[in-house]
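Q: here is a sequence with its predicted model. Questions after.
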Amino acid sequence: MLLPSRRGLQPLKLALTVAAYLSLAALLYCSFGPHIVLPRYGSPAAESSQPHPPQAKGHLVPLEAHIMSKCPDAKDCLRDLVLPAMQKVHEKVNFTLSFIGKPTENDGVACMHGPGECLGNIIELCAQLLYPDPKTFLGFTMCLTRDYQEIPQRELIEDCALEHAIDFDRLNECATKDNSAFGVKLLRESVRRTAEAGVTKSCTVRLDDQVYCIRDGGKWTDCPHGPGVNDLVVAISKLYSA
């Protein structure tokens, strides 16, 4: 059960509260309000352990979805476009799930829907890291996204982990490793990747490093080839065969 909102606390105090909870508990179940900063934590060793985002191998076509874990547009985008397209052409793409946030001056991240969303992002990034087959981590992410309002409640995460053969303990270890430094590092790197791509809206789908389609405000925009699943499948197939 989520704790009541604590909007009266100062941002720094909120960030420290989140960090402390991550150190002591399995996952964060608290929601403090929007634009809370998760600052940089951890040792140089923790920093160097961060893997780079997956890169395309051979002639696989880069396909990337930039989302926020507690965003309704992400739910529509994954359900109606990304997931059904991946079911048809998963062997032709190098798929990456990246996250949208605001990098801060202290090397932190501000999440639009608060630290609950930051934790949801971290959980989904850990799933991608530990289970790199998109059939697993994308399915798990879609399971969470169907009930995005409940992210990051433990019961939801456990149920989705069980459904997609993900070890909850490994997921939790990743999110809380090194006093939460590892998970925050994953999120910071993902947010930085999104910022460098010039992406600001959830959900933005990029194909071959170019914006393919955007789902924003309940509508599809900037989709010159169309927002349909078959449109994306055809576009991927053409690039794969080129």
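A: Looks like it came in fine. Numbers count the residues shown, from 1 in each chain.
Q: which parts of the chain are helices?
A: Along the chain, the segments classed as helices by DSSP state H run 11-24, 44-48, 72-77, 83-89, 115-130, 134-146, 154-163, 168-176, 181-196, 229-241.
Q: what is the rounded mean pLDDT of the third one?
A: pLDDT averaged over helix 72-77 equals 98, rounded to a whole number.
Q: is it true that residue 187 touches residue 120?
A: No. Counting by Cβ atoms under 8 Å, residue 187 sits too far from residue 120 to count as a contact (10.0 Å). Using the backbone N, CA and C atoms, a C-beta is placed for each residue, glycine as well.
Q: between those two, tell me which one has more neighbours.
A: Between residue 187 and residue 120, counting by other Cβ atoms under 10 Å, residue 120 is the more crowded of the two (30 against 24).
Q: let me see the contact set for the closest residue to residue 240 other than its chain neighbours.
A: Closest residue to residue 240 apart from its sequence neighbours, by Cβ to Cβ, 6 or more residues apart in numbering: residue 92 at 4.3 Å. Residues near residue 92 by Cβ atoms under 8 Å, 6 or more residues apart in numbering: 60-61, 236-237, 240.
Q: which of those are buried?
A: With burial judged by 16 or more other Cβ atoms under 10 Å, the buried subset of these is 60-61, 236.
Q: from residue 60, how far out is the residue nearest to residue 240?
A: From residue 92 across to residue 60, the span is 7 Å (Cβ to Cβ, to the nearest Å).
Q: likewise for residue 207?
A: 12 Å.
Q: check residue 159 too.
A: Noted for residue 159: a distance of 32 Å to residue 60, by Cβ to Cβ.
Q: for residue 239, same thing?
A: From residue 239 over to residue 60 (counting by Cβ to Cβ), the distance is 10 Å.
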